[in-house]
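Asks: Got a predicted structure plus its sequence, pasted below:
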Amino acid sequence: MNLNILEKLVKTIRDRKLNPKEGSYTNSLFEAGENKIVKKLGEEFAEFLKAYLKESDERITSEFADLLYHFFVTLEYKDIKFEDVLSELERRHK
Ligand SMILES: N=c1c2ncn([C@@H]3O[C@H](COP(=O)(O)OP(=O)(O)OP(=O)(O)O)[C@@H](O)[C@H]3O)c2ncn1[C@@H]1O[C@H](COP(=O)(O)O)[C@@H](O)[C@H]1O
């Protein structure tokens, strides 16, 4: 399993926050603020659930990718580090 893309994605989202980039969807979310970010996360969750219940494996995979990205944006907006989530999972791991 190659998890490098998760690290690259989190670092890119973090970098967008520090160095906003023209045309960046991530920056449009950061600029729109907490309510919009949470609303998008809810919508993406609903889309994922719909795909999970009714659509193809490819659609489920695609919607899960959307959801993961929006989760990362949600964390970064509050400067909560995904590394800390990983540490928490490590701590729980039996
Ligand atoms: N992984 C993603 C990613 N997944 C999903 N999305 C965006 O999430 C949005 C969700 O789709 P919707 O149709 O629900 O939303 P929308 O109509 O575009 O937006 P709203 O007007 O509803 O807010 C789409 O615009 C997707 O492009 C992503 N946008 C960016 N990334 C990655 O984030 C990094 C930074 O990207 P930029 O910020 O665009 O530079 C790069 O590595 C990108 O690959």
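Replies: Great, that's in hand.
Asks: Near the ligand, which residues of the chain? Just list them.
Replies: 9, 12, 16, 21, 24-27, 40, 66, 69 (Cβ under 6 Å from any ligand atom). Where C-beta positions appear, they are placed from N, C-alpha and C, glycine not excepted.
Asks: got a list of what the residue nearest in space to the middle of the chain touches?
Replies: Centroid-nearest residue in the chain, with Cα atoms, centre = their mean: residue 69, separated by 2.5 Å. Shown in contact with residue 69 (Cβ atoms under 8 Å, 6 or more residues apart in numbering): 9, 13.
Asks: repeat for residue 38
Replies: residue 74 are the contacts of residue 38 under Cβ under 8 Å, 6+ apart.
Asks: Check what pLDDT it gets.
Replies: On pLDDT, residue 38 comes in at 98.
Asks: circling back to that earlier point, okay, the residue nearest to the centre of the chain: pLDDT?
Replies: Note on residue 69: pLDDT of 98.
Asks: Tell me which stretches of this protein form strands.
Replies: Taking DSSP state E, the chain contains no strands at all.
Asks: Below-threshold pLDDT in this structure: ranges please.
Replies: Scanning the chain for pLDDT under 70 picks out nothing.
Asks: How much space separates residue 51 from residue 39?
Replies: Using Cβ to Cβ, to the nearest Å, residue 51 is found at 19 Å from residue 39.
Asks: These two - which one has more neighbours?
Replies: residue 51 (20 against 11; other Cβ atoms under 10 Å).
Asks: Would you check that that one makes contact with residue 65?
Replies: No. Between residue 51 and residue 65 there is no contact, the gap being 11.0 Å when judged by Cβ atoms under 8 Å.
Asks: surely residue 67 meets residue 46?
Replies: No. Contact criterion Cβ under 8 Å: residue 67 and residue 46 do not qualify, at 9.9 Å.
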